[in-house]
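Engineer: give me coordinates for this.
(one chain, ligands or ions: 1)
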Amino acid sequence: MNIPETVISKIEEAQRLSREDGLALMRSTDILSLGRLARTVKQQKTGDTVFFNANCHVNLTNVCSARCGFCAFSCDPGDPRAYVMAEEDVLDRIRAAQSAGITEVHMVSGLHPDKPFSYYCDMVRAIRRGFPSLHIKAFTAVEIQYFSKISGLPVEDVLIQLKEAGLGSLPGGGAEVLSDRIRLNLCPNKATAGEWLDVMRIAHGLGLKSNATLLFGHVESNEEIIDHLLLIRDLQDETGGFQTFIPLPFHPENTTLTDTTKPAAFEILKICSVSRLMLDNIDHIKAYWIMTGLKVAQMALFFGADDVDGTVTEEKITHAAGADTAVGVSRDTLIHLIKEAGCVPVQRDTLYNSLETF
Ligand code: V47
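Structural biologist: The predicted structure follows:
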């Protein structure tokens, strides 16, 4: 199905797209036109530049009281796979990654039923003390809301305490699809769509930047995808706090949705393009190579993406769900991938300051 001429004209005239326009884009099978339009918008925003960073992932625990149907990483207390990291384990992990020149620690975890809020504050403080120059991007809005619940503190106070301990920004996870129907179905035991948005609103108000994600390729409809994008766009109009949007293709292995087929290149590139076209007020679209694969991440640069995430030492969440990508790559691999596509690789820090151009 073709993209309606009226929608193409709106994009070419830089007009904001409506819900109906978004649905027309989702119905389209003209992937090359979608790519051309999204790539044009990307060029207007960031030119030939494609960003990457050098980072490491830390997951403090896989014990989780939410047990979302799409998650293969989490487990119950007492499961043979269950682990909780001590401060020294975390510092050792980061020390090991430092030789690769990382500038960011990306830390997200299960909702542990027993660990107090002080465990997380102490951890951030210890990382800040041990590695003063590293940016700590940690805790999804879902975790922040959970910390508020277990500590009895308002979300704002939770964020203030974490910020004082050294938190630099929030990652975009836990958004899944911002739809009550989907959340009741797949993740009823954690923050609702409204709560996820509220945490982000408060974080942005405190000067903390964040990202936003969409988990696609499971039980969602086109309408739910577009409504998700509109909720993010509306909040961005209000706060301006989102830096980048990251569409995450669902990996079904070891989840409760094993009869679902993992999205292939066409769907990944389509959602990337539609995200770029709908989110006119978000600067960056990230192709998270761990989930898309390196080759599709490279193609995503022609479908609206301007960021490929980072070197990602030791990814666990997607690999528990059957990802066939590496658990990390070198800077040289990312630089090659970007240059081969005719773009200019720029290593950035978490807040999109340029560190080095290659
Ligand atoms: O919140 C969980 C998703 C997210 C599966 O902000 C799954 O820079 C696919 O949010 N298949 C965590 N996805 C990852 C994430 C992220 C990654 C990279 C960069 C940033 C950023 C954020 O992964 C979870 C959930 O939405 N997820 N299980 C799965 N089986």
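
Engineer: can you check the pLDDT for the residue lying closest to Ile3 once chain neighbours are set aside?
Structural biologist: Taking C-beta to C-beta, 6 or more residues apart in numbering as the measure, Ile3 lies nearest to Ser28, with 4.7 Å between them; neighbours along the chain are not counted. All C-beta spots, glycine's among them, are computed from the backbone N, C-alpha and C. Confidence at Ser28, expressed as pLDDT, is 97.

Engineer: can stretch 266-283 be found next to the ligand?
Structural biologist: No: contact check for stretch 266-283 against the ligand, using C-beta under 6 Å from any ligand atom: none in range, with a minimum separation of 11.5 Å.

Engineer: what's the distance between the nearest residue to Thr292 once chain neighbours are set aside and the ligand?
Structural biologist: The shortest distance from Thr292 to any non-neighbouring residue, by C-beta to C-beta, 6+ apart, is to Ile268 (5.3 Å). For Ile268, the distance to the ligand equals 12 Å [C-beta to the nearest ligand atom, to the nearest Å].

Engineer: same check on Thr140?
Structural biologist: Counting by C-beta to the nearest ligand atom, the gap from Thr140 to the ligand is 6 Å.

Engineer: enumerate every residue touching the residue in the stretch 1-150 of the chain positioned nearest to the ligand.
Structural biologist: Of all residues in the stretch 1-150 of the chain, Cys71 sits closest to the ligand, at 4.5 Å by C-beta to the nearest ligand atom. Residues in contact with Cys71 (C-beta atoms under 8 Å, 6 or more residues apart in numbering) are 64, 255, 317, 321.

Engineer: where does it fall, phi/psi-wise?
Structural biologist: The phi and psi torsions at Cys71 (degrees, to the nearest 10) take the values phi -100, psi 130.

Engineer: so for it, what's the pLDDT?
Structural biologist: 98.

Engineer: the closest residue to the ligand within the chain: neighbour count?
Structural biologist: Taking C-beta to the nearest ligand atom as the measure, the chain has Gly173 as its residue closest to the ligand, at 2.6 Å. For Gly173, the number of neighbouring residues by other C-beta atoms under 10 Å comes to 21.

Engineer: please apply the same query to Lys137.
Structural biologist: Applying other C-beta under 10 Å, we find 24 residues neighbouring Lys137.

Engineer: ok, His284 to Asp306 distance?
Structural biologist: Remark: distance between His284 and Asp306 (C-beta to C-beta, to the nearest Å) = 6 Å.

Engineer: what's the answer for Cys272, then?
Structural biologist: According to C-beta to C-beta, Cys272 stands 11 Å off from Asp306.
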